[in-house]
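**Student:** build me a model:
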Amino acid sequence: MPKDPICGMSVDESTAYTVTKDGVVYYFCCQHCLEKFRGGAVPKSSAAGHAPSRGAHMPQQYTCPMHPEILQDHPGDCPKCGMPLDTLVTSADADPHEDARIADLTRRFWLGAILTAPVLVLAMGDMIPGVKLNDMLSRRLSGWVQFVLSTPVIIWAGGSFFSKAWRSIVNRQLNMFTLIATGVGAAYVYSVVVVLFPGIIPDTFFHQGNPGLYFESGAVITVLVLLGQLLEARAHQRTGDAIRGLMDLAAKTAHRMRDGVETEIAVDDIVVGDLLRVRPGEKIPVDGAVVEGSSSIDESMITGEPMPIQKRQGATVIGATINQTGAFVMEAKQVGTETMLSQIIRMVADAQRSRAPIQRLADSVAGYFVPVVVVIAAITFIIWALWGPQPALAYAFANAISVLIIACPCALGLATPISVMVGVGRAAQAGILVRDAVAIENAEKITHLVTDKTGTLTVGKPHLAVCVPAEGREENTLLQIAASLEQHSEHPLAQAVVNGAETANAKLLSVADFASTVGGGISGTINGQHVRVGKMKFVLENGAAIPEAMQNAAIALQEKSQTVVWIAIDNQAAGILGISDTIKDTTPAAIKRLHDLGLKIIMLTGDNRHTAESVARELGIDDFVAEVSPREKHEYIKKLRTEGGVVAMAGDGINDAPALAEADVGIAMGTGTDIAIDSAAITLVKGNLEGVANAIGLSRAVMTNIRQNLFFAFIYNAFGVPIAAGLLYPVTGTLLSPMIAGAAMSFSSLSVIANALRLKNASLN
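**Tutor:** Prediction:
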């Protein structure tokens with residue numbers, strides 16, 4: 001295990017801060033030591049010297065989504081693939097560099113689109129019925145206008161493509177930008193030659209008395225690629241929203257007690273060992289333990305379960321959870337980056353960074369495709385220049401350009417994004433919101449679906465399932481009395497009882513001497529009778545005798561995953577209430593569909609084992625793990641992936657966020673929390689598992705479509721490149737002019753688009 005170079009503390013590599021300097025990786029236990037190593041401002045520390053402050057952020061760093069080993073302290077492009085570097089989120093504030101980049105891409109796209117529109121009209125105007133541009137504008141003047149308008153589009157708006165392509169050549173990392181620059185550059189340079197030196201173009205390449213121009217091809221490709229980059233940049237900016245949202249959950253201030261004096265301080269100033277007072281309604285500032293008092297705490301943002309948890313002296317409490325009923329004093333145990341919330345944030349960030357973009361496929365192909373095309377074009381030029389008919393040089397240049405134009409990567413560039421674009425639109429119509437193309441690619445390969453219980457398989461709202469009165473008692477009367485008492489309680493189970501009484505049209509009665517016993521139940525007087533509602537222990541402690549038949553009934557309800565609430569009237573057991581969280585109506589059919597798709601379904605839940613086992617048995621779920629923490633969910637997903645599974649995680653709570661981000665495909669219920677949705681790659685608006693089956697079916701259709709598109713993109717090159725190089729000339733005297741090459745290139749793109757549009761009618765069932 002490595003040691004922190006500043007303090008010498010042993011460091012866990014999986015949770016440590018890391019930085020690479022001079023080729024050496026250094027590990028740090030906290031931001032305090034990292035800042036000191038960098039020579040920056042050192043945040044306040046505890047007496048031990050290692051209580052990292054929430055407000056002390058690492059210097060902003062940037063990394064490549066495709067090559068996580070690339071790490072630098074300023075924005076830019078990846079030296080390997082040319083992709084813009086992503087921001088590593090270290091604070092809740094937005095990165096101004098991301099905003100500036102999006103603004104720059106927006107300007108370039110709109111200016112390029114505005115200038116490209118008339119170029120496209122001039123190039124294609126003769127194809128519009130009733131429009132005769134040749135009668136209004138000479139061919140030569142039209143060429144000069146296209147040259148003037150398209151030059152700023154290609155040179156300024158698309159200038160970064162050429163710089164990235166040059167960098168890819170220098171670094172020997174040929175990628176998509178190499179293809180784009182090659183295609184756009186070839187079309188532009190050839191067209192410039194035609195406009196400036198029309199006399200060197202052989203008559204063979206004339207059409208209707210004029211050589212062809214391809215300014216519109218270069219300009220349109222540039223604008224389309226800019227649009228893709230703009231959409232991608234906005235998606236990248238949103239990847240940090242989950243982490244920023246988690247950071248915003250933390251408390252900002254706390255009440256510290258020292259020497260009998262209570263002082264309000266910033267959470268950043270809390271150190272291990274501080275005593276903190278937490279009042280009702282406040283967020284718990286950091287992780288710690290109760291040392292005085294007791295209260296009921298809403299931990300749903302961590303556990304995912306709606307029931308508040310009773311905390312007494314010695315119980316652990318979690319930072320950012322919400323205190324409800326009572327005030328207490330706690331001792332700070334973990335602060336800064338050591339809190340559970342900070343660990344969740346780190347797990348989400350690490351999982352998001354580890355995703356591999358779908359563009360790797362195109363870049364991998366480009367690594368072989370680009371040099372092959374360039375070599376073919378060079379060989380074509382040499383052969384025609386040495387052995388071609390006169391003017392040999394013009395033939396050599398024109399044929400080499402034909403090779404480059406027909407090999408233009410427009411169709412290859414469209415093959416993936418056009419299918420994704422149409423597929424994402426089709427998904428949205430079905431209530432499936434897809435964050436990026438990576439989710440679609442991964443969803444096709446899913447072998448395991450891991451799902452939360454509460455709010456995913458079930459409705460997530462407790463309700464009254466049954467009222468079992470004791471012998472001699474009437475059900476309606478018992479429910480009326482229990483609801484009359486529960487109306488004064490804020491507990492979720494109390495609301496379920498009140499709602500059940502309203503459904504039964506029971507009129508609530510007035511209550512006197514109402515009292516609440518934390519962790520036990522409630523009591524009061526109704527029509528002169530002393531009523532107690534709560535746990536069995538709460539009833540037994542007051543001398544109530546419980547018949548064996550009622551105890552057996554309670555056990556039967558618990559085996560059905562129902563929470564049992566006991567009712568006693570005048571120290572006599574009067575009955576029990578069974579409260580349940582209903583399984584969604586759509587869940588059983590969805591589970592069957594997922595099994596039919598070949599998936600293994602596993603349920604992970606923070607609920608008790610009896611409830612989890614009952615739900616798993618009822619739904620036919622393959623396996624389940626109960627009483628798991630957010631970290632354990634995260635580790636379980638990681639273990640499945642290590643064993644070779646392609647894992648989808650479906651959940652709806654903040655506690656599911658790390659697992660959603662760690663999974664190959666995170667699927668959030670749209671009825672859940674914003675943090676879960678931000679951490680997931682797919683969000684189901686309707687919030688049920690039918691959407692998971694639909695998403696998987698659609699992903700398979702999209703990936704099949706992409707493979708078909710890649711076939712269309714390459715089939716024209718397979719036949720067109722040899723013809724463009726002049727392979728048929730010795731036999732038939734046929735040459736492929738750049739204009740025909742451009743038409744073939746356009747037709748390949750049209751084929752790709754037409755095929756992708758079929759996804760609009762794809763069946764999801």
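
**Student:** beyond the longest strand seen in the chain, next helix or strand please.
**Tutor:** Using DSSP state E to define each element, the chain has its longest strand at strand 572-580. Heading C-terminal from strand 572-580, the first helix or strand you meet, by DSSP states H and E, is helix 587-596.

**Student:** who's in contact with that next one?
**Tutor:** 449, 457-458, 601, 619-621, 688-690, 692-693, 696 (C-beta atoms under 8 Å, 6 or more residues apart in numbering). The way it works is simple: take the backbone N, C-alpha and C, and place the C-beta from them, glycine included.

**Student:** just how off-centre is whatever helix or strand comes next after it within its chain?
**Tutor:** As assigned by DSSP H and E, the chain's next helix or strand after helix 587-596 is strand 600-604. Its chain's C-alpha centre and that of strand 600-604 lie 21 Å apart, by C-alpha atoms, centre = their mean, to the nearest Å.

**Student:** elements contacting strand 600-604?
**Tutor:** On a contact count with 3 or more C-beta pairs under 8 Å, 6 or more residues apart in numbering; DSSP states H and E, strand 600-604 meets strand 448-451, helix 587-596, helix 609-619, strand 623-625, helix 630-642.

**Student:** that strand pairs with which strands, and in what direction?
**Tutor:** strand 448-451 (parallel), strand 623-625 (parallel) (DSSP bridges).

**Student:** looking at those, which is nearest to residue 586?
**Tutor:** Residue 586 sits nearest to strand 448-451 of all the strands paired with strand 600-604, at 13.1 Å, using C-beta to C-beta.

**Student:** what does the next helix or strand after the closest one rub up against?
**Tutor:** Sequence-wise, the next helix or strand downstream of strand 448-451 (DSSP H and E) is strand 463-469. Residues from elsewhere that reach strand 463-469 (C-beta under 8 Å, 6+ apart): 475, 477-479, 482, 496-497, 499-501, 503, 550, 553, 557, 562, 574-582.

**Student:** what lines up beside strand 463-469 in the sheet?
**Tutor:** Per DSSP bridges, strand 463-469 is paired in its sheet with strand 572-580 (antiparallel).

**Student:** now do the partner strand, average pLDDT.
**Tutor:** In this model, strand 572-580 has an average pLDDT of 89.

**Student:** quick one: it to helix 609-619, angle?
**Tutor:** Orientation check (axes from the mean of the first three to the mean of the last three C-alpha atoms, to 10 degrees): strand 572-580 against helix 609-619 gives 50 degrees.

**Student:** quick one: residues in contact with strand 572-580.
**Tutor:** 462-470, 473, 475, 478-479, 481-482, 493, 496-497, 500, 539, 544-547, 550, 553-554, 557, 560-568.

**Student:** returning to what we had before: of the contacts of helix 587-596, buried ones?
**Tutor:** Listed as buried from these are 449, 457, 458, 601, 619, 621, 688, 689, 690, 692, 693, 696; burial here means 16 or more other C-beta atoms under 10 Å.

**Student:** got those as JSON lines, with pLDDT and distance to residue 62 columns?
**Tutor:** Formatted as JSON lines, those follow (pLDDT from 0 to 100; distance: C-beta to C-beta, whole Å):
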{"residue": "449", "pLDDT": "93", "distance to residue 62": "34"}
{"residue": "457", "pLDDT": "82", "distance to residue 62": "40"}
{"residue": "458", "pLDDT": "79", "distance to residue 62": "42"}
{"residue": "601", "pLDDT": "94", "distance to residue 62": "39"}
{"residue": "619", "pLDDT": "89", "distance to residue 62": "45"}
{"residue": "621", "pLDDT": "92", "distance to residue 62": "42"}
{"residue": "688", "pLDDT": "77", "distance to residue 62": "39"}
{"residue": "689", "pLDDT": "83", "distance to residue 62": "38"}
{"residue": "690", "pLDDT": "85", "distance to residue 62": "40"}
{"residue": "692", "pLDDT": "88", "distance to residue 62": "34"}
{"residue": "693", "pLDDT": "89", "distance to residue 62": "38"}
{"residue": "696", "pLDDT": "90", "distance to residue 62": "34"}
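
**Student:** quick one, what contacts residue 690?
**Tutor:** 586, 589, 590, 593.

**Student:** so which of the residues you listed wins on neighbours?
**Tutor:** Using other C-beta atoms under 10 Å as the neighbour criterion, residue 590 leads the contacts of residue 690 with 21 neighbours.

**Student:** from residue 620, how far off is it?
**Tutor:** Distance, residue 590 to residue 620, using C-beta to C-beta, to the nearest Å: 11 Å.

**Student:** one more: residue 565?
**Tutor:** Residue 565 is 30 Å from residue 620, by C-beta to C-beta.

**Student:** now for this protein, the helix or strand with the poorest mean pLDDT.
**Tutor:** strand 206-207 (a mean of 54; mean pLDDT, DSSP states H and E).

**Student:** give the helix, strand or coil label for residue 525.
**Tutor:** Look at residue 525: counting by DSSP: H, G, I helix; E, B strand; the rest coil, its state is strand.

**Student:** neighbours of it, how many?
**Tutor:** A total of 15 residues lie near residue 525 under the criterion other C-beta under 10 Å.

**Student:** which residues are in contact with the closest residue to it other than its chain neighbours?
**Tutor:** Distance criterion C-beta to C-beta, 6 or more residues apart in numbering; nearest residue to residue 525, sequence neighbours excluded, is residue 512 at 4.4 Å. Contact criterion C-beta under 8 Å, 6+ apart gives 524, 525, 526 as the residues in contact with residue 512.

**Student:** redo those as TSV? Include pLDDT and distance to residue 284.
**Tutor:** TSV is the format used below for the contacts of residue 512 (pLDDT from 0 to 100; distance: C-beta to C-beta, whole Å):
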residue	pLDDT	distance to residue 284
524	91	30
525	93	35
526	92	36
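
**Student:** and stretch 270-287, how far apart are its ends?
**Tutor:** From its first residue to its last, stretch 270-287 covers 11 Å (C-alpha to C-alpha, to the nearest Å).

**Student:** how far does that stretch sit from its chain's centre?
**Tutor:** 32 Å.

**Student:** buried sites along that stretch?
**Tutor:** By 16+ other C-beta under 10 Å, the buried positions in stretch 270-287 come out as 270-272, 274-278, 282-287.

**Student:** average model confidence for that stretch?
**Tutor:** Across stretch 270-287, the average pLDDT comes to 90.

**Student:** residue ranges with poor pLDDT in the stretch 101-250 of the chain?
**Tutor:** 124-137, 174-176, 179, 183, 199-212, 228, 231-246 (pLDDT under 70).
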